[in-house]
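> Can you look at this prediction? I've put the sequence above it.
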Amino acid sequence: MLNVTRAELRKLRRPTLLISTILVVAALTALFTSIVFLRANSGQGNGQRGEVISPELLSQATGLIYGFKIVSFFLGITALCVFASQTAQEYTLGTLRNLLVRQPSRMKILFGKYLSMIIFAVALVFLDAVVAIGVSYGLAPHAKVTTSAWFTATALSLLGRTFVNVLLTTLAFGTFGMILGLLFRSPISAIATGVIWSLILETILGGVVSSTQKWLPGQNFDNIAQGGSDTVSYQWSLGISALYLSVGFGIVAILFKRRDVAN
Amino acid sequence: MTTAISVTDLTKVYGERSALSHATFEVPLGTVCGFVGPNGSGKTTTIRMLLGLIQPTGGTGTVLGQSISHPERYLPQVGAMIEGPAFYPALSGAENLKVLASLGGFPQNRVSELLEKVGLADRGGSKYKTYSLGMKQRLGIAAALLPNPKLLVLDEPTNGLDPSGIQEVRNLIKDLASEGTSVFVSSHLLSELEMISESLIMLREGKVLFAGRTQDLLAAQIATLVVEPEFTVDLNKLVEIATRHGKEASVDNGSVHIVADSTWGATFNRLAFNAGITLSSLTATQPTLEETFFEMTGE
């Protein structure tokens, strides 16, 4: 399985994919973090869904992680696109047959690929954290935010917890992308379905019928990074996300193992 | 173990359609075996079943002595190029090979060695998407050679190659066979296969028409004497002489074609001479593999 992971990492580190992903993640993180800090004194919404995050709040230990976690949804969408395309392209390019001739165990291929994407996701989240903290620290004086509470043990523990939660959200979206990739066997169909569902349909559904938020996968994935919300608890989101993804992954794993590779 | 591949009653059915029906054949170890048949005859389906990519509906088979239901036992010793090369367009040729080398646990330094072998050493660093069809084909062959295989399965390896490329692949296959590698090669270039294959498997509509030595197949075909008289007015007389001696003959394109092998050539020359006819040429021809293929498959 480690050979598969090594081979997959070789593909993931190709400049076109790696540089564009780094730029997208860095730019989105810098943009959202900047909004939080530059609008902190405006008295208007500068957080998710119009939430007001004042300089006083940002001066607390939690101030370190606002910028970091606010971009989790888009980080997840990026992971969804990467995971879906990396999986589905093996079918469209016809390269799956090469992989299976060199590694006949389909489960090793699947889990080796998954492991490589976990490593990729860890790198993305790490980049997100570095950029968010860097931009936060740089903009703190401008927003009249004091940073002394950011480097306490409490803040660092919070940072660690948020890192894990953002990573879980990123992996959840990525796994969703991988499931769609294996199901549709076409990067365009998989990405289009995943993005339209998560970005548009869930937003409309959750907005119109708020009780559905508890059941919508994308909303729950993102709720993990936020550490839970007033309406949906962290534990619920973690549980329901694990359930959705386990069932989905189980089904596509069986399909992947049994399906003839005829293209 | 004396066979590289052995299948018995191998069958693959897709819904109502039978892609391969009760195929039984053997590929001797250490030989080059040609695999021929019209498009849609079941060649690629057979190859995919041998490589564990699709599950047979029925029948059994072994590759390098191991059952095809356990491809993990023999695939580390098998190199394959199926239905043309397939690689990642954004990676270079060398990177593509390194991906497969990592996957199979082969040494990375084998990549440059193989690029050299297939004539891609100077383009190994170029992206695959910039390759010509011939270069892609060469990269596919290099990928198949990665494991230093005991059995090489090649599906149309000369597709897109120019004449010198075709000759290089032919020589490569001959070299590998001389080193003891078994080669199972499917191709539409029957003249090429005739030159390199010791044995042959011929398919049509999912059924095996012939499986055995190439020489035996060709020898079993009816030989023809092609005779040209000095004067065309004698064409019908020559047909008459041949028919009188129990041979089937006809006039075709200014010559007489007599169904007989070369040993009857001298007899016929004498008969024509006695009848006062001078022959300007007398040639004994054996059907080529291509002619035999068309005859057998009805294509």
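Okay, I see it.
> Return the alpha-carbon coordinates of the lowest-mean-pLDDT helix or strand in chain A using PDB.
The helix or strand of chain A with the poorest confidence is helix A:55-58; it has a mean of 76 (mean pLDDT, DSSP states H and E). The C-alpha coordinates for helix A:55-58 follow below in PDB (Å, rounded to 0.1, in the frame of the first residue of the first chain):
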ATOM      1  CA  PRO A  55     -11.300  43.500  18.200                       C
ATOM      2  CA  GLU A  56     -12.000  42.500  21.800                       C
ATOM      3  CA  LEU A  57     -12.900  39.000  20.700                       C
ATOM      4  CA  LEU A  58      -9.900  38.800  18.400                       C
END
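> Isn't residue A:61 up against residue A:147?
No: Residue A:61 is beyond contact range of residue A:147, at 10.4 Å (criterion: CB atoms under 8 Å). Every C-beta, even on glycine, is put in place using the N, C-alpha and C of the backbone.
> Please say which of the two ends up with more neighbours.
Neighbours of residue A:61 and residue A:147, each counted by other CB atoms under 10 Å in any protein chain shown, are more numerous for residue A:61; the result is 18 against 15.
> Contacts only, for the more buried one.
By CB atoms under 8 Å, 6 or more residues apart in numbering or on different chains, residue A:61 lies in contact with A:149, A:150, A:152, A:154, A:155, A:158.
> What sits closest to the residue of the stretch 1-150 of chain A found nearest chain B if chain neighbours are left out?
Nearest to chain B in the stretch 1-150 of chain A, going by CB to the nearest CB, is residue A:94, at a distance of 3.5 Å. Nearest non-adjacent residue to residue A:94, counting by CB to CB, 6 or more residues apart in numbering or on different chains: residue B:86, 3.5 Å away.
> what sits up against the least confident helix or strand of chain A?
So helix A:55-58 is contacted by A:36, A:37, A:40, A:41, A:63, A:66, A:136, A:140, A:143, A:144, A:145 (CB under 8 Å, 6+ apart).
> try stretch A:23-35
Here stretch A:23-35 makes contact (CB under 8 Å, 6+ apart) with A:46, A:66-68, A:70-71, A:74-75, A:78, A:124, A:127-128, A:131-132, A:135-136, A:139.
> Stretch A:88-99 too?
Residues contacting stretch A:88-99 (CB under 8 Å, 6+ apart): A:4, A:7, A:109, A:180-182, A:184-187, A:189-190, A:261, A:263, B:48, B:51, B:53, B:82-84, B:86-89, B:100, B:103, B:143.
> change it to 6 Å
Residues outside stretch A:88-99 that contact it (CB atoms under 6 Å, 6 or more residues apart in numbering or on different chains) are A:109, A:181, A:185, A:186, A:187, A:190, A:261, A:263, B:53, B:82, B:86.
> Among the residues you listed, which pair sits farthest apart?
Farthest pair in the contacts of stretch A:88-99 (CB to CB) is A:190 and B:82. Separation: 24.4 Å.
> more crowded one of the two?
The neighbour comparison of residue A:190 against residue B:82 (other CB under 10 Å) goes to residue A:190, with 27 against 24.
> The more buried one: helix or strand, and which one exactly?
Residue A:190 is part of helix A:187-195 when elements are defined by DSSP states H and E.
> Identify each buried residue in that helix, please.
If you call a residue buried by 16 or more other CB atoms under 10 Å in any protein chain shown, then helix A:187-195 has these buried ones: A:187, A:189, A:190, A:191, A:193, A:194, A:195.
> Surely the first one touches residue A:87?
No: Residue A:187 is beyond contact range of residue A:87, at 8.3 Å (criterion: CB atoms under 6 Å).
> The helix or strand hosting residue A:90 to helix A:187-195, inter-axis angle?
According to DSSP H and E, residue A:90 maps onto helix A:72-92. Inter-element angle recorded for helix A:72-92 and helix A:187-195: 150 degrees (by axes from the mean of the first three to the mean of the last three CA atoms, to 10 degrees).
> pLDDT of helix A:72-92, averaged?
The pLDDT scores in helix A:72-92 average 91.
> Beyond it, next helix or strand please.
Counting by DSSP H and E, the element after helix A:72-92 in chain order, helix or strand, is helix A:96-102.
> packing partners for the helix holding residue A:190?
helix A:72-92, helix A:153-184 (3 or more CB pairs under 6 Å, 6 or more residues apart in numbering or on different chains; DSSP states H and E).
> Redo those helices as TSV? Include distance to residue B:31 and mean neighbour count.
Below are the helices and strands packed on helix A:187-195 laid out as TSV (distance: least, CB to CB, whole Å; neighbours: other CB atoms under 10 Å in any protein chain shown):
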stretch	distance to residue B:31	mean neighbour count
helix A:72-92	34	24
helix A:153-184	40	22
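> Please identify which of the ones you listed is closest to residue B:42.
Of the helices and strands packed on helix A:187-195, nearest to residue B:42 by CB to CB is helix A:72-92, at 22.5 Å.
> For residue B:242, which non-adjacent residue is closest in space?
residue B:249 (3.8 Å).
> number of nearby residues for that neighbour?
Residue B:249 has 22 nearby residues by other CB under 10 Å.
> who touches residue A:121 in this structure?
A:79, A:170, A:171, A:174.
> Below-threshold pLDDT in the stretch 1-150 of chain A: ranges please.
Scanning the stretch 1-150 of chain A for pLDDT under 70 picks out A:40-41, A:43-50, A:52.
> switch to 90 and redo it
A:1-18, A:21, A:25, A:28-29, A:32-74, A:94, A:97-105, A:132-133, A:135-150 (pLDDT under 90).
> count of residues packed around residue B:244?
For residue B:244, the count of nearby residues is 10 (other CB under 10 Å).
> Tell me if residue A:123 really is in a helix.
Yes: membership of residue A:123 in a helix is supported by DSSP: H, G, I helix; E, B strand; the rest coil.
> Could you list the contact residues of the stretch 101-250 of chain B toward chain A?
By CB under 6 Å from any CB of the partner chain, the residues of the stretch 101-250 of chain B that approach chain A are B:102, B:103, B:104, B:105.
> wait, the third one sits on residue A:101?
No: taking CB under 6 Å as the definition, residue B:104 is not a contact partner of residue A:101, at 8.8 Å.
> Of these two, which one has the most company?
residue A:101 (28 against 20).
> from what I can see the more buried one touches residue B:80, true?
Yes: Residue A:101 is within contact range of residue B:80, at 5.1 Å (criterion: CB under 6 Å).
> Identify the contacts common to those two.
residue B:51.
> Show me which residues of the least confident helix or strand of chain A are buried.
Buried, per 16+ other CB under 10 Å, within helix A:55-58: A:57, A:58.
> Give me the helices and strands touching the helix or strand just after that helix, please.
Later in the chain than helix A:55-58, the nearest helix or strand by DSSP H and E is helix A:66-70. Helix A:66-70 sits against helix A:15-38, helix A:106-139, helix A:153-184, with contacts defined as 3+ CB pairs under 6 Å, 6+ apart.
> Can you pull the residues of the stretch 151-263 of chain A lying near chain B?
With the criterion set to CB under 6 Å from any CB, the stretch 151-263 of chain A comes near chain B through A:260, A:261.
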